[in-house]
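Q: structure of the sequence below:
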Amino acid sequence: MVISESLVACTFGTYTLQAFGGDPDRVLMPILGVGLIVFAYLLNASGTRSVGLWSIVTAVVKVGGIASFGAPGLWASGISFVATGGELGVDGFVASIALSIPAFKGFTTITNSGAEITEPHRNVGRAIVWSIAVCVVVYLLVAFAVGSSLPLDRIVAVKDYALAEATQPALGQTGFYLTVALALVATASGLVASVFAVSRMLAMLSDMKMIPHSHFGMPGRIKDHTLVYTVVVAAFLTVFFDLSRIASLGAFFYLVMDMIIHFGVFRHLREEIGAKGWVLLTAIALDASVLLAFTWMKWQSDTPIVVTGIVGMALVFLFVGIFLARNPVREGAHEQH
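A: As a prediction, the model looks like this:
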C-alpha cells in the first residue's frame with residue numbers, strides 16, 4: 001500500500017529534476033520526493049474537504065492534460081500503433097503486466113475511502129468501473145504515443161519521463177516542459193489521494209483490532225496517527241530505493257495481496273456476497289502466472305530486489321500472525337466484516 005506513495009514521490013522528483021536539467025540519480029530526487037510527501041501530509045491533515053476539492057480539480061487537469069499531450073505525440077508519429085522496434089517475447093510481455101498493475105491502483109483508493117463516499121453501496125462500484133475505464137483509455141493513448149514516437153533504446157533511456165520526450169517532435173521544447181508540469185500535477189494529486197486512502201484504511205484496520213496500534217505520545221485520533229505512519233514509511237522507501245525498484249516491490253506485494261484476497265473471498269465470503277467461484281479462481285491463476293514470470297525475470301536482472309520482496313512479505317506475515325495469535329478476533333464479532 002505505502003509502496004505506491006513512494007513510487008509516485010520518486011516520479012515527482014525525477015520529473016522535477018528533468019525540467020531543470022538535473023540528474024535524476026542525484027540526492028535531490030529523494031529530497032524532492034520527501035518534500036511532496038510532506039505536502040501530502042499537510043493537505044491531508046487539513047481535512048477531508050481540502051483533499052476532496054484538490055482531488056477533483058487536479059483529476060480534471062491531469063486526465064485532460066495527459067490526453068492532450070499524448071494525442072500530439074501520436075499524431076507526430078503518423079498515427080502508427082506499431083512500436084518502433086524491439087522484441088520482448090511472451091515471458092517478457094507477461095512479466096511487464098506486473099509493472100502495469102500499480103498503475104491501476106487508483107481504484108483501491110476508492111474502496112479504501114468508502115466511508116467518505118456518499119451512498120457507498122451504489123457509488124463505490126460505479127466509481128471503480130469509471131476509474132478503470134478512464135485509466136485504460138489514457139494509458140493506451142500514452143503507450144501508443146510513446147511506443148510509436150521513440151525507438152526502444154530511447155524509451156529505455158528516458159523511461160521515467162518518456163511521455164515528455166515523445167511530445168517534443170510535435171510540440172517542441174515547450175511541449176516537453178508542459179508535459180513535465182502536467183506530470184508534477186498528476187503525481188502530486190495521486191500522492192495526496194493515496195495517502196488519504198491508505199491512512200484511512202490503516203485506521204479502519206486498527207479499529208477492527210486487525211493490526212497493532214500505538215500512539216507514541218501523539219495527540220489526536222487514530223486516523224491522525226496512521227496518517228503520520230503512512231508518510232514516514234513512504235518517505236523511508238523514497239530515500240532508500242530508486243524508482244524502478246519501488247515499482248518492482250509494488251508489483252510483488254500487489255500480486256500476492258490480490259491472490260490472498262481472492263482466495264479469502266472464495267473460501268469465506270463467496271456465498272455471502274454472491275461472488276462467482278470461477279471468476280475468483282481465474283483471477284488467482286492469472287495473478288500467479290504474472291507473478292512467476294515477473295519474479296523469474298527480476299531474479300535474472302536484479303536478484304536483491306526479489307530477495308527484499310520475499311523477506312519483506314515474510315516479515316509482514318510473521319508480524320501479523322503473531323499479533324492475531326495474541327489478539328484473536330471474537331467469533332461472530334461485527335468487526336470481522
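Q: hang on, isn't residue 36 packed against residue 187?
A: Yes. Contact between residue 36 and residue 187 holds when scored by C-beta atoms under 8 Å: they sit 7.2 Å apart. The C-beta positions use only the backbone N, C-alpha and C, and glycine is treated the same way.
Q: any common contacting residues for the two?
A: 8-9, 12 (C-beta atoms under 8 Å, 6 or more residues apart in numbering).
Q: by neighbours, which of these wins?
A: residue 9 (35 neighbours; other C-beta atoms under 10 Å).
Q: which residues touch that residue?
A: Residue 9 neighbours (C-beta under 8 Å, 6+ apart): 33-34, 36-37, 187, 191, 234-235, 238.
Q: that one - nearest residue in space that isn't next to it in sequence?
A: In space, and not counting its chain neighbours, residue 9 is closest to residue 33: 3.4 Å by C-beta to C-beta, 6 or more residues apart in numbering.
Q: count of neighbours near residue 263?
A: Neighbour tally, residue 263, other C-beta under 10 Å: 14.
Q: kindly apply the preceding question to residue 177 instead.
A: 15.
Q: right, and the helix or strand after the helix or strand containing residue 295?
A: With elements taken from DSSP states H and E, the one containing residue 295 is helix 277-301. Once helix 277-301 ends, the next helix or strand along the chain (criterion: DSSP H and E) is helix 303-326.
Q: so that following helix versus helix 277-301, what angle?
A: 130 degrees (axes from the mean of the first three to the mean of the last three C-alpha atoms, to 10 degrees).
Q: now helix 303-326: buried residues?
A: Across helix 303-326, burial judged by 16 or more other C-beta atoms under 10 Å covers 305-306, 308-309.
Q: kindly indicate which of these lies nearest residue 128.
A: Of all those, residue 128 sits closest to residue 309, with 26.7 Å by C-beta to C-beta.
Q: where does pLDDT dip in the stretch 1-150 of the chain?
A: Counting by pLDDT under 70, the stretch 1-150 of the chain has low-confidence residues at 1-7, 15, 18-27, 66-89, 91, 102, 105-116.
Q: cutoff 50 now
A: Applying pLDDT under 50 to the stretch 1-150 of the chain picks out residues 84-85.
Q: can you report how many residues neighbour residue 184?
A: Neighbours around residue 184, by other C-beta under 10 Å: 19.
Q: now the helix or strand that contains it: average pLDDT?
A: Using DSSP H and E, the element containing residue 184 is helix 162-207. The average pLDDT within helix 162-207 is 75.
Q: which helices and strands does that helix pack with?
A: The contact analysis (3 or more C-beta pairs under 8 Å, 6 or more residues apart in numbering; DSSP states H and E) places helix 162-207 against helix 2-19, helix 28-45, helix 48-76, helix 106-112, helix 120-149, helix 222-240.
Q: which among those helices is found nearest to residue 215?
A: Per C-beta to C-beta, nearest to residue 215 of the helices and strands packed on helix 162-207: helix 222-240, 6.1 Å.
Q: which other helices and strands contact the next helix or strand after that closest one?
A: Moving toward the C-terminus from helix 222-240, the next helix or strand (DSSP H and E) is helix 243-264. Helices and strands touching helix 243-264, by 3+ C-beta pairs under 8 Å, 6+ apart, are helix 2-19, helix 89-100, helix 222-240, helix 277-301, helix 303-326.
Q: buried residues in the longest one, which are they?
A: Right, the one you point to is helix 277-301. Neighbour-count burial for helix 277-301 [16+ other C-beta under 10 Å]: 280, 283-284, 286-287, 290-291, 293-295, 297-298.
Q: residue contacts, the spatially closest residue to residue 41 that is not a sequence neighbour?
A: What sits nearest to residue 41 in space, not counting adjacent residues and going by C-beta to C-beta, 6+ apart, is residue 231, at 4.5 Å. Residue 231 is in contact with 5, 37-38, 40-41, 195, counting by C-beta under 8 Å, 6+ apart.
Q: what about residue 122, distance to residue 276?
A: 21 Å (C-beta to C-beta, to the nearest Å).
Q: circling back: could you dump the helices and strands packed on helix 243-264 to CSV with distance to residue 257?
A: Shown next, in CSV, are the helices and strands packed on helix 243-264 (distance: least, C-beta to C-beta, whole Å):
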stretch, distance to residue 257
helix 2-19, 11
helix 89-100, 13
helix 222-240, 16
helix 277-301, 9
helix 303-326, 9
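Q: circling back to that earlier point, tell me which of the helices and strands packed on helix 162-207 sits most buried.
A: helix 2-19 (a mean of 26; mean count of other C-beta atoms under 10 Å).
Q: with that, I have no additional questions.
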